[in-house]
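# Below are the sequence and a predicted model for it; my questions follow.
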Amino acid sequence: MNVDRVVLLAEAVDLAKHWDDEAGLKPVSFTLSSAELVVVRGRSGSGKSTLLALLAGWIAPDGGRLTRLGPWGKTDVERTWRGTAILPQVIAPIAELTMSENVAMPLQLSGTPRREAQARARAMLDQLDLTDESDRAASDASLGQQQRMALARAAVADPIVLLADEPTSHQDAGHSATVLELCRSIVARGTCIVVASHDPAVSDVADRVLDLDR
């Protein structure tokens, strides 16, 4: 990705999704560009996770419009978004694989040779203080370690957009800083990261904050 030129990736106009009278996403308008970290902030039920699901194409909006731009060309949202990686709140490691095998999986599925995929996976795990856990079964790791592994798995292929739901929720202060340092390094390579989070430390390192409590 060319990080010397900022690319407009998506535009939302009055985007909305209603689940019931208390929960859902009220109409919101925003843009997303390459090489930026955008934090989505708001109370529980304000629609943070819903917004990520809309961006991922997992659900359809009830109102408004979300248009993809950038490398996709101008097109309405479809079910899939090529070049998008997702870190959900519910961590889903492949239990029978090691930590490094989990992280290498997206690369191998895209055709990267196994040895290269493993090397890149281990390098990513190193950045997240998981060097000693690379050969450990994912099912034996702590929840915090699994969450950092899931971030590595989402980021290892240098996605165009990375959607992360509460990526520091299972981290202590030291490892939260490690997670955020990696996020900033990913953004510096040109990825747009959209983070739903209550954590003030995440907002502190953001380029922009989209506040749904308004």
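Alright, I've got the coordinates.

# right, and S46 touches L212 too?
Yes. Counting by C-beta atoms under 8 Å, S46 does reach L212; the two are 4.1 Å apart. Quick note: C-beta positions are derived from backbone N, CA and C, even for glycine.

# ranges for the helices of this structure?
Assigned by DSSP state H, the chain shows helices spanning 48-56, 99-109, 114-127, 143-155, 173-188, 200-204.

# how about those in a markdown table, adding mean neighbour count?
Below are the helices of the chain laid out as a markdown table (neighbours: other C-beta atoms under 10 Å):
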| stretch | mean neighbour count |
| --- | --- |
| helix 48-56 | 22 |
| helix 99-109 | 21 |
| helix 114-127 | 18 |
| helix 143-155 | 23 |
| helix 173-188 | 17 |
| helix 200-204 | 15 |
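
# pretty sure L66 contacts A53?
No. The pair L66 / A53 is not scored as a contact, 11.4 Å apart, by C-beta under 8 Å.

# okay, the closest residue to Q127 other than its chain neighbours: pLDDT?
Spatial nearest neighbour of Q127, excluding adjacent residues (C-beta to C-beta, 6 or more residues apart in numbering): L182 at 5.3 Å. pLDDT recorded at L182 is 97.

# looking at it, L182 is touching L162, isn't it?
No. L182 is beyond contact range of L162, at 10.7 Å (criterion: C-beta under 8 Å).
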